[in-house]
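> starting from these lines, generate the structure:
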Amino acid sequence: MTFKVISRTLLNDLGAQARQSKRSRLHHNIHDSYDDPCQKLLNAVGTDSYIRPHRHALDPKDECLIAAKGLFALIVFSEAGEIERIEKFGTEKFFQDTSIVSLGVNLPAGTWHTVLALVPGSVLLEVKAGPFDPSAAKEMAPWAPEEGSAEADAYLEHLHSVASSA
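The predicted structure follows:
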């Protein structure tokens with residue numbers, strides 16, 4: 001295992017690189033290998049990044065999401081795509097807003113969800129049991145628009161609207 005430092009500079013650099021990427025997000029692995037028993041990564045997510053709702057059911061493992069920087073909304077869906085829960089979480093800076101009291105969430109395997117960045121430069125720390133099988137990473141929600149489609153922009157706007165009023 002390699003010693004790694006997660007610095008403010010790293011988080012800022014990831015946010016800047018995410019802004020330049022086509023998908024407005026960028027991940028940075030902390031673990032050394034897909035075979036590691038604990039998969040850890042940083043995921044810089046832009047406010048305009050659409051993460052298609054999905055679940056981790058093909059290789060069912062819980063997922064822990066912690067705000068390393070910024071503010072997020074986790075949106076949980078029913079099997080039919082109805083919003084069941086919105087949980088805002090962020091760094092201590094955002095605790096002044098009494099509706100935001102969480103640093104993160106632990107999401108049970110098989111839960112339909114997406115994550116929205118609510119402020120620019122937001123970075124998630126994601127932790128999941130390994131090993132990681134890329135072929136079974138995600139099952140995309142059949143009721144949600146595909147990433148990159150014209151419908152995805154309108155759907156992302158809708159999700160942001162719902163999250164901001166939660």
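> which strands and helices sit next to the longest helix anywhere in the chain?
Ordering each helix of the chain by length in residues (DSSP state H) puts helix 150-164 first. Contacting helix 150-164 under the criterion 3 or more C-beta pairs under 8 Å, 6 or more residues apart in numbering; DSSP states H and E are the following elements: strand 71-77, strand 83-90, strand 112-117. The C-beta positions use only the backbone N, C-alpha and C, and glycine is treated the same way.
> how about these, which one is nearest Arg52?
Go through those one by one with C-beta to C-beta and the one that ends up closest to Arg52 is strand 112-117, at 7.0 Å.
> which other residues reach the closest one?
Applying C-beta atoms under 8 Å, 6 or more residues apart in numbering, the set of residues contacting strand 112-117 from outside is 45-47, 49, 51-55, 65, 70-79, 81, 107, 124, 141, 144, 156, 159-160, 163.
> mind giving me the PyMOL command for buried ones among these?
In PyMOL, this line selects whichever of the contacts of strand 112-117 come out buried by 16 or more other C-beta atoms under 10 Å:
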select buried, resi 45+46+47+49+51+52+53+54+55+65+70+71+72+73+74+75+76+77+107+124+141+144+156+159+160+163
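> buried sites along stretch 119-134?
For stretch 119-134, the neighbour count (16+ other C-beta under 10 Å) marks Gly121, Ser122, Val123, Leu124, Leu125, Glu126, Val127, Lys128, Ala129, Phe132 as buried.
> now for the residues you listed: which two are most distant?
So for those, where distance means C-beta to C-beta, the most widely separated pair is Gly121 and Ala129, at 28.5 Å.
> on that earlier part again, who touches the longest helix of the chain?
Contacts to helix 150-164, defined as C-beta under 8 Å, 6+ apart, come from residues 47-48, 50, 52, 73, 75, 83, 86, 88, 114, 116, 118, 144-146.
> and the residue most central in space within the chain, what are its bridge partners?
Taking C-alpha atoms, centre = their mean, the centroid of the chain lies closest to Val115, which sits 4.4 Å from it. Beta-bridge partners recorded for Val115 (DSSP bridges): Leu74.
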